[in-house]
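Student: 3D, please:
(2 chains)
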Amino acid sequence: MGARMVPFAGYNMPVQFEGLMAEHHTVRKAVGVFDVSHMGEFWVKGPKAFEFVQWVTSNDVAKLYDGKIQYSCFPNGKGGIVDDLLVYRIDELTYLLVVNAANIDKDWAWCLENAQKMGLQPGKDIYNASDEIAQLAIQGPLALKAMQKLVKEPIEDMEYYTFKKVEFAGVKDVILSTTGYTGSGGCEIYMANKDAETIFKAVFEAGAEFGIKPIGLGARDTLRLEMGFCLYGNDINDTTSPLEAGLGWITKFTPEKDFVDKEFMLKQKEAGLNRKLIGFEMIDKGIPRQHYPICDAQGIEIGEVTSGTMAPSLNIPIGMGYVPTALSKPDSEIFISIRGKLLKAKVVKFPFYKG
Amino acid sequence: MNIVENLKYTPDHEWIQVDGNVATVGITDYAQSQLGDIVFVDVQTEGEDLEKGESFGSIEAVKTVEDMYMPISGTILEFNNGLEDTPDAINKDPYTSGWVIKIKLSNASELDSLMDATAYKAHLESL
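Tutor: This next block holds a predicted model:
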């Protein structure tokens, strides 16, 4: 496909095809396809499945119903995050956890450790299917309309963060979910590796009249960043708490739910946060990049840029980073140190891109 | 890949066109294609005397930032201000409207160490 490839988490991944900017706009305005088969998938099954997922993830699994998905994270027992993930409830006894490619081994070890303590049997009650499942993200305002051609049951009116098991382009048992990492709508589909080629071809044929194009990792990053979605390894990691990262909305302290780090996070919540993950726009000319220092007006370093880019849909440079809580309110003035110069920026609310 | 005859080239993918005592400098078609969509060109060295190999500014694509280096020693006479509003001129016309700086040469003999179009083509093929 004429892609420029880069190694990523042990996979050879396309960073761009025709060009990052054009690909970004394709997803915002029409429909684009990401091959995200490198993502990890764990099945959790049986009578202890609910209890297990409730314990290892921060969101309230009791809120799920069959066909519903939630964004969540694995707290790491030390106040940080093992990974962020999606939890799919297939039925009362069956859950699918979708995790980041770069973290599959770490996540699996963490889940196994907890599962065995809780009496789940590896290989039976909890199963790592990452090497057997392929995934495509078909994203953009025309994505569902295009994919409807390949599915009999209606998908265009599906609620956000729900899924169906469908026959997709003649392939049975494909999971189609209205999820994504772009903020432009669309779906993600999961299939067995052996069916991937058939489905891949069908997706591009069905999408041709809508201008469908393959999209690389570069645009995946600018699209998610414009939404203020966290990227594990950049904006969240083993040392950032979900509360600091603005993920309080997926950290549920209901009495019925106990989970790894609940006590720690409750204390942190009550004591107040020292720092918060914020979004900012540049006022002075310059593009923020990961690891550039964030400074106060006196030039004293107060944090670090965790993600930054020129935002293709906004045509301004934007970034994310942790700052002391006192400077985390919208319109707070901060400075980014770019090649030795302090350039002014202001804190803004997420998302950067409002559609 | 477009390589223009009668220009000189560096291994870092800058081109230089000499006209008497003054040289125009930009980045090559290969460099722009590797960078992708260029969104910002930062040159704050106008008026400065810089040595061959020193950074005179940086060029940023959506996801990357690269330094640009002096192909020869000299004084920075001018920055192409047009690039402030249309940095993508470098993507479209790297050898014409996408020029970056003009330099007054301080040591014309350094030109001998640069590559001609044929040598640069061979350099690209060796990468």
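
Student: from here on, contacts and neighbour counts on C-alpha atoms
Tutor: Noted.

Student: okay, which residue is most central for chain B?
Tutor: By CA atoms, centre = their mean, chain B has its centre lying nearest to residue B:26, at 2.6 Å.

Student: Spit out the contact partners of that residue.
Tutor: Contact analysis of residue B:26 by CA atoms under 8 Å, 6 or more residues apart in numbering or on different chains lists B:14-16, B:94-95, B:98-101.

Student: Same check on residue A:185?
Tutor: Residues near residue A:185 by CA under 8 Å, 6+ apart: A:139-141, A:143, A:178-179.

Student: Could you give the number of residues near the closest residue to it other than its chain neighbours?
Tutor: In this structure, residue A:185 finds its nearest non-sequential neighbour in residue A:140, 5.2 Å apart by CA to CA, 6 or more residues apart in numbering or on different chains. Residues lying near residue A:140 (other CA atoms under 10 Å in any protein chain shown) number 26.

Student: got it, and residue A:117?
Tutor: Neighbour count for residue A:117, taken as other CA under 10 Å: 11.

Student: Look at it and report its pLDDT.
Tutor: Predicted confidence (pLDDT) at residue A:117: the value is 96.

Student: picking that back up, and the residue nearest to residue A:185, how far from residue A:262?
Tutor: Distance of residue A:140 to residue A:262, given as CA to CA, to the nearest Å: 37 Å.

Student: Please apply the same query to residue A:26.
Tutor: Separation of residue A:26 from residue A:262 (CA to CA): 42 Å.

Student: all helices of the chain, in order?
Tutor: No chain was given, so I picked chain A. For chain A, the helices defined by DSSP state H cover A:20-29, A:49-56, A:104-117, A:143-148, A:196-207, A:217-227, A:262-271.

Student: wrong one, I was asking about chain B
Tutor: Ranges of helices within chain B are B:29-35, B:82-85, B:89-92, B:117-126, based on DSSP H.

Student: Get me the contact residues on chain B for chain A.
Tutor: B:36-37, B:39-40, B:42, B:62-63 (CA under 8 Å from any CA of the partner chain).

Student: out of those residues, which is most surrounded?
Tutor: Within the residues of chain B next to chain A, most neighbours by other CA under 10 Å means residue B:39, with 30 neighbours.

Student: Pull the number of nearby residues for residue 53.
Tutor: All of this refers to chain A. Counted with other CA under 10 Å, residues neighbouring residue A:53 total 24.

Student: oops, chain B please
Tutor: By the criterion of other CA under 10 Å, residue B:53 has 14 neighbours.

Student: which residues does it contact?
Tutor: B:69-73 are the contacts of residue B:53 under CA under 8 Å, 6+ apart.

Student: which of these tops the neighbour count?
Tutor: Counting neighbours by other CA under 10 Å, residue B:71 leads these with 29 neighbours.

Student: my read: that one touches residue B:56, true?
Tutor: No - Residue B:71 is beyond contact range of residue B:56, at 10.0 Å (criterion: CA atoms under 8 Å).

Student: Strands - which of the contacts of residue B:53 land there?
Tutor: For those, the ones inside strands are residue B:69, with DSSP state E as the criterion.

Student: Among the contacts of residue B:53, which one lies nearest to chain A?
Tutor: residue B:69 (15.1 Å; CA to the nearest CA).

Student: hang on, the earlier thing: type out the PyMOL command that picks the buried ones from the contacts of residue B:26.
Tutor: To isolate the buried members of the contacts of residue B:26 in PyMOL, using 16 or more other CA atoms under 10 Å in any protein chain shown:
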select buried, chain B and resi 14+15+16+94+95+98+99+100+101
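
Student: Show me the strands in chain B, by range?
Tutor: Secondary structure of chain B (DSSP E): strands located at B:8-9, B:14-19, B:22-27, B:38-42, B:49-50, B:55-61, B:65-69, B:74-79, B:101-105.

Student: Can you lay out the ones you listed as TSV showing distance to residue A:349?
Tutor: Output for these, formatted as TSV (distance: least, CA to CA, whole Å):
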stretch	distance to residue A:349
strand B:8-9	46
strand B:14-19	40
strand B:22-27	38
strand B:38-42	24
strand B:49-50	42
strand B:55-61	25
strand B:65-69	26
strand B:74-79	36
strand B:101-105	38
